[in-house]
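sequence unknown, structure follows:
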């Protein structure tokens, strides 16, 4: 059987042909590999370079490889945080003609880390709580889309910094199933697996001495259940409000937006006596601020980063002479937003030397600069300005705190 490459992009097969497919993945020469931290996997996984892209290559049988490839494409269409599927390579043979396992190829998620790499230095409990929050949000988003993961765990997740918090991404969809809608039993099964898997992984870290002494693995495994239940109730519950109190509905929508979800459709029913209104959010999706920032500026960021950047953008817009909300002669927000990117965002990020940026992408750098500006302004009891904050951050913070893990994403 001849080598076959099924890819999402017609440009990828030509780049992938340069890789040594006749060699078992665990024996690939160092010249093809990229030294990035890897998590635990039941399969052989390697990071390699294909043209300008860093890819993750995973060996597994043909049927599960093709199935996972299609599931990851489905998740991409549903805008669920997961690794991007690039290709499946089948028909591999070694130089003697013996068959080799097919491979699934995904794009490396820049700036992300597997959980074991994060625990190389003992994480504080507060940071672990943020990881549990991120994983619970990911699981809720999957379930809202009708995806039963079947193996939710820290090992099957990548974590990426998101404006002081973390965003979680699904890595392994091999056991997943996509349905029009999940039953309560399917959701409970996924949640119970998550609890058991996470407790087991933390117990393993405890045995190796990598877990903070105050952390109880069983309690942290249970925590994701409580966080998930709270999120699920907020997103799916029916609310009953007094008639005429429509600002209550707006308040509920704003609360959903603050959680990172957007109300795409809702159902409002009046009671027969006209005294109450029942509000049901019918379809919710994530990324409210993310989509808004992308629409205004073209910047594709994480949700918390987008929320922080939008706040700065709105503050900057308010200082512009040609911005007057409600005035038909006012500059359009999209025009001002692109001016902000050109005159504020990009010049500010460029002030941070590349060798000090580590794994941070431009949005995370800008967020940290805004946080540092706030800290210095609070200490000085007046606004010290962004230029001063950048200078102090580069001189006093980055040299002590940043460790380069991989090339920084392009601006």
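Sure thing, it's come through. Worth saying up front: this structure is predicted, and the values here are computed from it rather than measured. Residues are numbered from 1 along each chain as shown.

what about stretch 46-58, average pLDDT?
Averaged over stretch 46-58, pLDDT sits at 89.

That stretch: which residues count as buried?
Judged by neighbour count using 16 or more other CB atoms under 10 Å, the buried positions of stretch 46-58 are 46-50, 54-58. C-betas here are computed from N, CA, C, even on glycine.

now swap in stretch 292-306 and tell me
Going by 16+ other CB under 10 Å, stretch 292-306 has these buried residues: 292-293, 296-297, 299, 301-306.

Now, the buried residues of stretch 46-58 that are in strands?
In strands, judged by DSSP state E, the following of those are found: 46-50, 54-58.

Pick the one among those closest to residue 166.
residue 56 (19.6 Å; CB to CB).

Redo the buried residues of stretch 292-306 as JSON lines? Include distance to residue 104, pLDDT and secondary structure.
Below are the buried residues of stretch 292-306 laid out as JSON lines (distance: CB to CB, whole Å; pLDDT from 0 to 100; DSSP: H, G, I helix; E, B strand; the rest coil):
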{"residue": "292", "distance to residue 104": "33", "pLDDT": "84", "secondary structure": "helix"}
{"residue": "293", "distance to residue 104": "31", "pLDDT": "89", "secondary structure": "helix"}
{"residue": "296", "distance to residue 104": "35", "pLDDT": "89", "secondary structure": "helix"}
{"residue": "297", "distance to residue 104": "33", "pLDDT": "91", "secondary structure": "helix"}
{"residue": "299", "distance to residue 104": "30", "pLDDT": "91", "secondary structure": "coil"}
{"residue": "301", "distance to residue 104": "27", "pLDDT": "88", "secondary structure": "coil"}
{"residue": "302", "distance to residue 104": "25", "pLDDT": "83", "secondary structure": "coil"}
{"residue": "303", "distance to residue 104": "27", "pLDDT": "80", "secondary structure": "helix"}
{"residue": "304", "distance to residue 104": "30", "pLDDT": "80", "secondary structure": "helix"}
{"residue": "305", "distance to residue 104": "29", "pLDDT": "88", "secondary structure": "helix"}
{"residue": "306", "distance to residue 104": "30", "pLDDT": "88", "secondary structure": "helix"}
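
quick one: residue 95 is in a strand?
No: under DSSP: H, G, I helix; E, B strand; the rest coil, residue 95 falls outside any strand and is assigned coil.

show me the contacts for it.
Counting by CB atoms under 8 Å, 6 or more residues apart in numbering, residue 95 touches residue 22.

Show the model's pLDDT score for it.
89.

ditto for residue 2
Reported pLDDT for residue 2: 80.

The closest residue to it other than its chain neighbours and residue 336: what is the separation?
Residue nearest to residue 2 in three dimensions, not counting chain neighbours: residue 91, with 5.4 Å by CB to CB, 6 or more residues apart in numbering. Distance of residue 91 to residue 336, given as CB to CB, to the nearest Å: 53 Å.

Looking at the two, which one has more neighbours?
Set residue 91 next to residue 336 and count neighbours by other CB atoms under 10 Å: residue 336 wins out with 20 against 14.

Hmm, that one is touching residue 324, no?
No: contact criterion CB atoms under 8 Å: residue 336 and residue 324 do not qualify, at 11.2 Å.

Quick check: the two most widely separated of the buried residues of stretch 46-58?
The most distant members of the buried residues of stretch 46-58, if one measures by CB to CB, are 49 and 58, lying 16.0 Å apart.

that older thread, okay if I get the ones in strands among the buried residues of stretch 46-58 as TSV plus distance to residue 155?
Listed next are these as TSV, based on distance: CB to CB, whole Å:
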residue	distance to residue 155
46	17
47	16
48	21
49	24
50	25
54	20
55	20
56	14
57	18
58	13
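
By residue count, which helix of the chain is the longest?
Longest among the helix segments of the chain by residue count, using DSSP state H, is helix 184-207.

From the chain's centroid, how far away is the helix or strand containing residue 229?
Taking DSSP states H and E as the criterion, residue 229 maps to helix 217-236. Computed by CA atoms, centre = their mean, to the nearest Å, the chain-centroid distance of helix 217-236 equals 19 Å.

next one: stretch 293-302
The mean C-alpha position of stretch 293-302 is separated from the chain mean by 15 Å, CA atoms, centre = their mean.

So that it lines up with my notes, have the first residue be 4 from now on.
Let's use 4 as the start, then, which means that last one is stretch 296-305.

Can you get me the start-to-end distance on that stretch?
End-to-end distance for stretch 296-305, by CA to CA, to the nearest Å: 10 Å.
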